[in-house]
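Undergrad: What follows is a predicted protein model with its sequence.
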Amino acid sequence: MFRDRRSMVVILVTAIAAGPLLLMLVMNLVASQMEKRRELTLPATGLEHAPALVAFLERQQVTLVPAPADYEQQVRTGDLDIAMEVDADFAKDVAEGRPGKVSLVYDRSRDRARAVIGEVESLLRAYSSEWARGRLLLRGISPDVVTPLRIESRDLATPQSSGSVVLGLIAYYGLFATLMGAMAAALDATAGERERGSLEPLLTTPVSPLELATGKWLALALLNALVVVLTLGGFYLTLRYGPLPAVGVPFLFGLAQYASFLVVLLPMILLAPAILLYVGMRGRSVKEAQANVSVLLFAASVLPLMQMFMQRKEPEWLSLVPIAGQYSLLARVLRGDPLSADAVLVTGAGPLLLTLLALLLTARLLSKESVIAGK
Amino acid sequence: MIRVENLSKAFGKRREVKAVDGVSFAAADGEITGLLGPNGAGKTTLLRMLATLVVPDGGTAHVGDDDVVKHRTAVRRRIGVLSDARGLYPRLTARENVRYYGQLHGLSGPTLDARIDELVTALGLAPLADRRTQGFSQGERMKVAIARALVHDPDTILLDEPTNGLDIMSTRALRDLLRGLRAQGKCLLFSSHVMQEVTALCDRIVILGHGRVLARGTSDELIAQSGEHTLEEAFVRLLGSAEGLAA
């Protein structure tokens, strides 16, 4: 297997390069969003109806530009993030004591636009409340009368935990690497052996099915470990020395986190090749095995995504589920929580048991005659 | 020494395909025994049962004193198999392919290297030995597969259609090799659907058809049994028709 230099090089180079590339991409995206926020340009129509609003917005460093004629279309296609319409009757309504109407045109389904939308909305709200306070003061009423509640936020996010939003990607990618690292080799060592007709001669040697399964698994686990070490190493080096745009996220993926990641991922590094062996051995050809494996891979990669979007606290039992358990543990490492031996053992137990099971099942499969007959 | 008694194997959901149906024969040491039969006669299944890859439904088979069901590992140590599937590892050189199997049989170091050199010379593999097997011709691959099957110096050798796809020169070289092994007192069992192969090489012939033994004996005995003049005619008569003879 290790003689297959070209495949090896592809696997390893991808492992090293993927992390940095992904990070660069994400960080540049984040950086450009932050820039957008700082230099907010707001296309608008009907500005002449609300000179006070214009003055307020300009004070808040917003650049107001006349909106192009087809701004709705441009928002729809994503060329514009947002546009503001000041109603033609704005001045009249305000003069007659009715609320003036300002419309915002945007497409909230566009991730990129979300920050800008929030920014504009909060600016308008601030303008509205400033104006209201002025009116109340004119009438001799304290503005406090209409604000019985004062909301104060104390953000308990540590620098690590705010950084972890971006770093969550590393956790996801690290897990992904454990699944993908040995995949090609695993399929070659199982369905590949069947396809090229080298399994039958192999089974006539005195090597027992369990020895055969274990041997293949050990080789794959070693390769998998190498891929994961390199992938995370790529992240570590990029975050440490890479020319990344400063986006105000403190990067705390140091050697300690690197080591913790490897400890947490170890059970998965061992489990993935065992499962791949079993699934691969069931395939009569590499293609068939690939189809089966991709179903598995899909299920496995969706799990952490669901956790990522899960709003409430994770239930206890989730830590026992392979992948899900590792993912939440990795997220904790990234938040700066210390890694407890208990947690590592609890999340590791499931995958290790499954590894054993998969190996025994693979051995059983290898001792069945159907493994050579079905060709 | 191979002893097969009343061996049976059926496939299919309801075991309706009787691949091997009550086969008995013996193959002695120092002899080459040929299994002759048309395609689908059950030769490969029979050899797979002897190679412990397929478990018989009924009957017994022994390689030496070891039962192929009860003493799988012992049987595997004794036999060298050139199976129907003879895939090599394309990224390994011929020598590495053979060495890998030697190691799986528990050989190592200078003993293994010496054995490989011996086989490389005997099979005329010298010019190819250190090239990757990717792109080898069928004959070249066959030679490597044979070297791989013989690396642990087995006392019993099973060959499934060994001359398939070989040119005349390679076939002759293979025959010489097999005769050499016979002279060393090995027990060789060799299957083929090509009669000329069997007559040219085998001391005893077992004719199989539809999973059963139709006749067995030396070539002369078979001719005498059938009352024909040549083995080909005897074979056709024994099979009841000319089916499957077109090799």
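TA: All right, it came through fine.
Undergrad: average pLDDT across stretch A:306-317?
TA: For stretch A:306-317, mean pLDDT rounds to 71.
Undergrad: same check, this time on stretch B:60-67
TA: Stretch B:60-67 carries an average pLDDT of 93.
Undergrad: again, but for stretch A:221-232
TA: 89.
Undergrad: how distant is it from the center of its chain?
TA: Chain-centre distance of stretch A:221-232: 20 Å, with C-alpha atoms, centre = their mean, to the nearest Å.
Undergrad: what about dumping the CA coordinates of that stretch to CSV?
TA: Output of stretch A:221-232 as CSV, limited to C-alpha atoms (Å, rounded to 0.1, in the frame of the first residue of the first chain):
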residue,chain,number,x,y,z
ALA,A,221,-5.1,3.1,11.3
LEU,A,222,-1.5,4.1,11.0
LEU,A,223,-2.1,5.9,7.7
ASN,A,224,-5.2,7.5,9.1
ALA,A,225,-3.3,8.7,12.1
LEU,A,226,-0.7,10.2,9.8
VAL,A,227,-3.3,12.0,7.8
VAL,A,228,-5.0,13.5,10.9
VAL,A,229,-1.7,14.6,12.5
LEU,A,230,-0.8,16.3,9.2
THR,A,231,-4.2,17.9,8.8
LEU,A,232,-4.2,19.4,12.3
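Undergrad: does it come close to chain B?
TA: No. Shown here: stretch A:221-232 not in contact with chain B (C-beta under 8 Å from any C-beta of the partner chain), separated by at least 14.7 Å. All C-beta atoms are positioned from the backbone trio N, CA, C, and that covers glycine.
Undergrad: can you list the residues of chain B near chain A?
TA: B:11, B:48, B:51-55, B:73, B:76-77, B:79, B:81, B:83-92, B:96, B:101, B:104-106, B:145, B:148-149.
Undergrad: Just these: which are in helices?
TA: Counting by DSSP state H, the part of the residues of chain B next to chain A found in helices is B:R48, B:T73, B:R76, B:R77, B:E96, B:Y101, B:L104, B:A145, B:R148, B:A149.
Undergrad: Dump the residues you listed to CSV, plus neighbour count, distance to B:A27 and pLDDT.
TA: Formatted as CSV, these follow (neighbours: other C-beta atoms under 10 Å in any protein chain shown; distance: C-beta to C-beta, whole Å; pLDDT from 0 to 100):
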residue, neighbour count, distance to B:A27, pLDDT
B:R48, 27, 16, 92
B:T73, 13, 21, 90
B:R76, 26, 18, 93
B:R77, 17, 18, 92
B:E96, 17, 32, 91
B:Y101, 24, 23, 92
B:L104, 21, 25, 90
B:A145, 27, 21, 93
B:R148, 27, 22, 93
B:A149, 25, 16, 93
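Undergrad: can I get those residues in JSON lines with distance to A:F56?
TA: Below are those laid out as JSON lines (distance: C-beta to C-beta, whole Å):
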{"residue": "B:R48", "distance to A:F56": "87"}
{"residue": "B:T73", "distance to A:F56": "87"}
{"residue": "B:R76", "distance to A:F56": "88"}
{"residue": "B:R77", "distance to A:F56": "91"}
{"residue": "B:E96", "distance to A:F56": "78"}
{"residue": "B:Y101", "distance to A:F56": "83"}
{"residue": "B:L104", "distance to A:F56": "81"}
{"residue": "B:A145", "distance to A:F56": "85"}
{"residue": "B:R148", "distance to A:F56": "85"}
{"residue": "B:A149", "distance to A:F56": "89"}
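Undergrad: can I have the helix or strand bottoming out on mean pLDDT in chain B written out in CSV, keeping just the CAs?
TA: Sorting the helices and strands of chain B by mean pLDDT, DSSP states H and E puts helix B:231-239 at the bottom, at a mean of 77. Extracted in CSV, the C-alpha atoms of helix B:231-239 (Å, rounded to 0.1, in the frame of the first residue of the first chain):
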residue,chain,number,x,y,z
LEU,B,231,-8.6,-40.3,-25.1
GLU,B,232,-10.5,-37.6,-26.9
GLU,B,233,-13.0,-40.1,-28.1
ALA,B,234,-13.1,-41.7,-24.7
PHE,B,235,-13.8,-38.4,-23.1
VAL,B,236,-16.6,-37.6,-25.5
ARG,B,237,-18.1,-41.0,-25.0
LEU,B,238,-17.9,-40.7,-21.2
LEU,B,239,-19.4,-37.3,-21.2
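Undergrad: How far does that helix sit from its chain's centre?
TA: Relative to its chain's centre, helix B:231-239 lies at 22 Å (C-alpha atoms, centre = their mean).
Undergrad: Low-confidence stretches in chain B?
TA: For chain B, applying pLDDT under 70 flags the ranges B:240-247.
Undergrad: SS state for the residue sitting nearest the centre point of it?
TA: Central residue of chain B (C-alpha atoms, centre = their mean): B:L159, 1.5 Å from the mean position. At B:L159 the chain is in strand, as set by DSSP: H, G, I helix; E, B strand; the rest coil.
Undergrad: what about it, distance to chain A?
TA: The gap separating B:L159 from chain A is 12 Å, by C-beta to the nearest C-beta, to the nearest Å.
Undergrad: need the helices for chain B, in chain order.
TA: Using DSSP H, helices in chain B cover B:43-50, B:72-78, B:94-104, B:109-122, B:138-150, B:168-183, B:195-201, B:219-226, B:231-239.
Undergrad: between these, which one is nearest to A:L80?
TA: A:L80 sits nearest to helix B:94-104 of all the helices of chain B, at 63.5 Å, using C-beta to C-beta.
Undergrad: what packs against that closest one?
TA: Applying 3 or more C-beta pairs under 8 Å, 6 or more residues apart in numbering or on different chains; DSSP states H and E, one finds that helix B:94-104 contacts helix B:109-122, helix B:138-150.
Undergrad: Buried residues of the longest one, list them for me.
TA: Using 16 or more other C-beta atoms under 10 Å in any protein chain shown as the burial criterion, the residues of helix B:109-122 that qualify are B:L112, B:R115, B:I116, B:L119, B:V120, B:A122.
Undergrad: Give me the most central residue, chain A.
TA: A centroid search over chain A (C-alpha atoms, centre = their mean) returns A:L169, at 4.2 Å, as the residue closest to the centre.
Undergrad: if you average pLDDT over the strand or helix carrying it, what comes out?
TA: Using DSSP states H and E, A:L169 sits within helix A:159-180. Mean pLDDT, helix A:159-180: 71.
Undergrad: Number of residues surrounding the residue nearest to B:G58 when sequence neighbours are not counted?
TA: Leaving aside its chain neighbours, B:G58 sits nearest to B:S8 (4.2 Å; criterion: C-beta to C-beta, 6 or more residues apart in numbering or on different chains). Neighbour count for B:S8, taken as other C-beta atoms under 10 Å in any protein chain shown: 18.
Undergrad: thought B:S8 was touching B:T60?
TA: No. Using C-beta atoms under 8 Å, B:S8 is not in contact with B:T60, being 10.6 Å away.
Undergrad: dump the residue contacts of residue 212.
TA: All of this refers to chain A. When contacts are counted by C-beta atoms under 8 Å, 6 or more residues apart in numbering or on different chains, A:L212 touches A:L202, A:L203, A:A363, A:L366.
Undergrad: Oops, wrong one, chain B.
TA: Counting by C-beta under 8 Å, 6+ apart, B:R212 touches B:D21, B:G22, B:V23.
Undergrad: Mind checking what helix or strand follows the helix holding A:L169 in sequence?
TA: As assigned by DSSP H and E, the chain's next helix or strand after helix A:159-180 is helix A:183-189.
Undergrad: Off-centre distance for that next one?
TA: For helix A:183-189, the distance from its own C-alpha centre to the chain's C-alpha centre is 27 Å (C-alpha atoms, centre = their mean).
Undergrad: hmm, that helix in reach of chain B?
TA: No. Helix A:183-189 does not reach chain B (C-beta under 8 Å from any C-beta); its nearest approach is 9.8 Å.
Undergrad: Point out the other helices and strands that that helix packs with.
TA: Judged by 3+ C-beta pairs under 8 Å, 6+ apart, helix A:183-189 is in contact with helix A:5-38, helix A:209-241, helix A:255-282, helix A:286-309.
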